[in-house]
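Visitor: Test case, fold it:
(one chain, ligands or ions: 1)
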Amino acid sequence: MTTIQQNLQDIRQQIATAAAHCARAPEDITLLAVSKTKPVSAIEEAIAAGQRAFGENYVQEGVEKIHYFRERHAEIPLSWHFIGPLQSNKSRLVAENFDWFHTVDRLRIAQRLSEQRPVNLPPLNVLLQINISNEPSKSGIRVDELAELAASVATLPNLRLRGLMAIPAPETDYEQQLAVFKQMALLFQTLSVNYPQIDTLSMGMTDDMRAAITAGSTLVRIGTAIFGARDYSARSA
Ligand SMILES: *Cc1c(COP(=O)(O)O)cnc(C)c1O
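Guide: Numbers count the residues shown, from 1 in each chain. You can find the predicted model right below:
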């Protein structure tokens, strides 16, 4: 077994343990393997260990990987999630290639994605990104902007509103992590009153996964704990 495969096994075990501690079913938590900056060989190893959902932050890099696996492993159904900030001029590549988009933070980007989504593909699954820690200059909308953005996005024909996503400010204390994730869970519950179809709460990374699961995350985005530390120096935009 390779290191990546061992890491995946360990993470799955940690998800199961965290779920058991709060009486949740582990299968209600999707593991998204965040493969940004990592080579296709690393993704191949993860696929061999049964991983199917991958997260990418950079449009060009992500699209290259999607094409690579479509050509080489068309028989293996992978799902590709765009989880980074997106400039409007690159929205078409996302609309044409990805299955999920986690970072809707303005109506204009959602409108473009809907307009550019090819009609032969299923609707693009989208999440609204909340700036839950109210950090200046960070991506995501304020809590008081959520109702209006959700109402507009829900009407777009080629998108499917699936839920919410957040990247809280880094915090090492478990109780502090939990408090912020619980705010997200409450927002999610409130939103689901008007949008009963939403089913995805994307939160939790390598350093705060356990608190996120305890608070109700349905999708954890894990990079470092699976693939090791990232090296950004070789990356091209
Ligand atoms: C890079 C990234 C991750 C993965 O973070 P790790 O700490 O390596 O697990 C998760 N979510 C988003 C939005 C990211 O950009």
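
Visitor: now the protein, which segments are flagged as low pLDDT?
Guide: Across the chain, residues meeting the criterion (pLDDT under 70) sit at 234-237.

Visitor: for the ligand, what are the nearby residues on it?
Guide: Counting by C-beta under 6 Å from any ligand atom, the positions of the chain adjacent to the ligand are 34, 36, 57, 83-84, 167, 205-207, 221-225. Backbone N, C-alpha and C define where each C-beta goes, glycine included.

Visitor: Now go through those and say which are in helices.
Guide: Judged by DSSP state H, the residues of the chain next to the ligand include 224-225 as members of helices.

Visitor: Buried only: go through the residues of the chain next to the ligand for me.
Guide: 34, 36, 57, 83-84, 167, 205, 221-223, 225 (16 or more other C-beta atoms under 10 Å).

Visitor: Enumerate the positions of whichever strand or helix holds residue 101 that are buried.
Guide: In this assignment (DSSP states H and E), residue 101 forms part of strand 100-104. Neighbour-count burial for strand 100-104 flags 100-104 (criterion: 16+ other C-beta under 10 Å).

Visitor: Now that we have these, can you turn them into a markdown table and tack on distance to residue 142?
Guide: Listed next are the buried residues of strand 100-104 as a markdown table, based on distance: C-beta to C-beta, whole Å:
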| residue | distance to residue 142 |
| --- | --- |
| 100 | 23 |
| 101 | 20 |
| 102 | 18 |
| 103 | 15 |
| 104 | 14 |
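
Visitor: rewinding a little: now do the strand holding residue 101: everything it contacts.
Guide: Residues from elsewhere that reach strand 100-104, judged by C-beta atoms under 8 Å, 6 or more residues apart in numbering: 55, 79-86, 94, 110, 113, 124-129, 139-140, 149, 153, 162, 165, 202.

Visitor: ok, now stretch 174-182?
Guide: 132-133, 166, 168-169, 171, 203-204, 208, 210-212, 214-217.

Visitor: Which residues belonging to it are considered buried?
Guide: 177-178, 180-181.

Visitor: Put the alpha carbons of it into PDB.
Guide: Only the C-alpha atoms of stretch 174-182 are listed here, as PDB (Å, rounded to 0.1, in the frame of the first residue of the first chain):
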ATOM      1  CA  TYR A 174     -11.500  22.500  19.200                       C
ATOM      2  CA  GLU A 175     -14.300  24.200  21.100                       C
ATOM      3  CA  GLN A 176     -13.700  27.400  19.100                       C
ATOM      4  CA  GLN A 177     -13.800  25.500  15.900                       C
ATOM      5  CA  LEU A 178     -17.000  23.700  16.900                       C
ATOM      6  CA  ALA A 179     -18.700  27.000  17.800                       C
ATOM      7  CA  VAL A 180     -18.100  28.400  14.300                       C
ATOM      8  CA  PHE A 181     -19.200  25.200  12.600                       C
ATOM      9  CA  LYS A 182     -22.400  25.200  14.600                       C
END
